[in-house]
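A.B. asks: I would like the atomic coordinates for the input below:
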Amino acid sequence: MLLSESILKRLLLIPVFLVMSSNALGFSVMPLGRPEYEFLYDRFERLQADRLDRFDFQLGPYATERNDFAFEPFSYLVNIPQEKLSLFGFAGESFSAKRSVPPKSLESFRAGIAANPFERLFVYGNFVLDEGLAIDPAYSGKKWRGFAGDVEQAFANYHTNSFEISFGRFASFWGLRNSLVLSSNVALDGVAYTVRWGKLSMSYRLARLDGLIPGTDSVAQFENRFFAGHRLDVHINSDLRVGLFETVVFGGPGRQVEFYYLNPIIFFHGSQLNEGVNDNTFVGIDFDFIPKEGLRLYGQLLIDDFQIDSKTQGDKEPSQTGLTVGAHLTRIIRQFDIKANYTRVSNRTYNQVLDRNRYLHNGQLLSAADGNNYDQFSVSMLHWLDNNNLTAGVNFRYTRKGEGKVTDPWTAPWLDVTGEYKEPFPSGVVEKINRISLSAKGFIGNYFFFDFEAGMDEIKNLNHIAGMSQTSPFVRLQVSTFFSTLLDVQ
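C.D. replies: Presented below is the predicted three-dimensional model:
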């Protein structure tokens, strides 16, 4: 279930040697995943559209060395004195109500530590007690009085101008924060590093995923599962960045990490073909283009499977791809922004004939996609207030969702016909949802956060039942309070 002992020891020794040889100042990184932290990344994303530079906005989480990043009210995570330990906590309540769904009010509590014990080394960890996690069907851990408990993130990060390495449990993203390949909504156990050389940034990530268990999953014995990925980003100039990436999900009974998947410059897909193993590889490209200050254009293409040959009936399998394109225009009128985005993920993407090769961890997609067999268009007008500590918006979203899920048993209907095989997109009875909403979120003072949205869903073919329609008002509200203090450890 773990990386081999020799590999793990070598990985853990890397930051030790780096710390011993460093003479730089302390620093930290801003974690991902928590709604409060994600709001900071909303501000960073806006700054990306406003500025022309070669910062690696496509690689999260971010180091806190940029002077123009506003980290309030979480300044206690930035440049912590080496003789101090930062203690922090969160208490939150989330409420949601929707037609035909009983209202829910769920509590959560978090507490953690952060420190700069050595120069350039940042350590962060927190645990969580969460009612929402306890009722999540994908959660299989222990529960106590209606709460589920877990270590949410626990990692160490070492960083210089040209090299960065993180190890432990942490969330990250590649390309876009709402990435189709690796997004900020899931924390993985493993290691990640980036090497920067002029206009180039080469990144790698290795992680252990949840295994398949006899009696719970359809397997005869326990099957290990792993994720590996690498990418190369090229800053053509301060206006344009292009990134190429490849990832793989692999595993099996007794299988450990393959050495060719530890190689950041090898072609994963070619290696697994030459080794004769059935792993699930993905390749793709993404970009950011800022033609002028205040306008960001972006896109990402993910290829799960693409048929080149057309020699056998098996070659008639439809391509499995994902695509996201969008634009972010800031300050169209004073502090008003417009964001527009289109995402399309074809049927069977992220799925595979072997259950262990699905692009999942603990039942959750490794990407920010809403499953597969769907497309979605969204547009928002946002107004920033109170020195970018608050934002209010009007939002529209149109979604078409076909039948099926990433966890569905694999099917190959193209083998049941002769000649060409075509299927509509989205396939099956398509559920169509028009959503319009008003939203607001942000910080109130230095100790409170809220995230509110209320609106209406107009649904056709509800739950993929032809002709069934429903108009469904909804409201959701999340509030939290947080605190911190510095403890002298000398």
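A.B. asks: switch to C-alpha atoms for all contacts and neighbour counts from now on
C.D. replies: Fine.
A.B. asks: who does residue 235 bridge with?
C.D. replies: Per DSSP bridges, the residues bridged to residue 235 are residue 241.
A.B. asks: correction: the previous question concerned residue 189.
C.D. replies: For residue 189, the beta-bridge partners are residue 169, residue 208 (DSSP bridges).
A.B. asks: tell me, how many residues neighbour it?
C.D. replies: Using other C-alpha atoms under 10 Å, the number of residues around residue 189 comes to 20.
A.B. asks: hang on, it packs against residue 225?
C.D. replies: No: between residue 189 and residue 225 there is no contact under C-alpha atoms under 8 Å: 11.9 Å.
A.B. asks: who touches both of those two?
C.D. replies: Common neighbours of residue 189 and residue 225, counting by C-alpha atoms under 8 Å, 6 or more residues apart in numbering, are 208-209.
A.B. asks: roughly how far apart are residue 83 and residue 228?
C.D. replies: Applying C-alpha to C-alpha, to the nearest Å, the value for residue 83 to residue 228 is 36 Å.
A.B. asks: oh, that last question was meant for residue 335, not what I typed.
C.D. replies: Using C-alpha to C-alpha, residue 335 is found at 41 Å from residue 228.
A.B. asks: neighbour-wise, which of those two wins?
C.D. replies: residue 228 (25 against 14).
A.B. asks: what about that one, which helix or strand?
C.D. replies: Here residue 228 sits within strand 223-235, counting by DSSP states H and E.
A.B. asks: next one: residue 384
C.D. replies: Element membership of residue 384, judged by DSSP H and E, is strand 374-385.
A.B. asks: quick one on the thing from earlier: and the strand holding residue 228, what does it pack against?
C.D. replies: Helices and strands touching strand 223-235, by 3 or more C-alpha pairs under 8 Å, 6 or more residues apart in numbering; DSSP states H and E, are strand 200-212, strand 240-252.
A.B. asks: dump the last one to CSV, keeping only the CA atoms.
C.D. replies: Extracted in CSV, the C-alpha atoms of strand 240-252 (Å, rounded to 0.1, in the frame of the first residue of the first chain):
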residue,chain,number,x,y,z
LEU,A,240,1.8,33.7,-23.4
ARG,A,241,2.4,30.4,-21.6
VAL,A,242,1.9,27.0,-23.1
GLY,A,243,2.0,23.7,-21.1
LEU,A,244,2.2,20.1,-22.1
PHE,A,245,1.3,17.4,-19.6
GLU,A,246,0.9,13.6,-19.2
THR,A,247,-0.5,11.7,-16.3
VAL,A,248,-1.2,8.0,-15.5
VAL,A,249,-3.3,6.0,-13.1
PHE,A,250,-1.9,2.5,-12.5
GLY,A,251,-1.8,-0.3,-10.0
GLY,A,252,-2.7,-3.9,-9.4
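A.B. asks: tell me the gap between it and the middle of its chain.
C.D. replies: Centre-to-centre, strand 240-252 and its host chain are 14 Å apart (C-alpha atoms, centre = their mean, to the nearest Å).
A.B. asks: what score does residue 26 have for pLDDT?
C.D. replies: pLDDT recorded at residue 26 is 52.
A.B. asks: swap in the one 10 residues further on?
C.D. replies: The model reports residue 36 with a pLDDT of 95.
A.B. asks: now do the SS call for it.
C.D. replies: Secondary structure assignment for residue 36 (DSSP: H, G, I helix; E, B strand; the rest coil): helix.
A.B. asks: can you count the residues close to the closest residue to it other than its chain neighbours?
C.D. replies: Among residues not flanking residue 36 along the chain, residue 449 sits closest, at 6.7 Å (C-alpha to C-alpha, 6 or more residues apart in numbering). By other C-alpha under 10 Å, 22 other residues sit near residue 449.
A.B. asks: hang on, residue 70 in a strand?
C.D. replies: No: the assignment for residue 70 (three-state DSSP) gives coil, which keeps it out of a strand.
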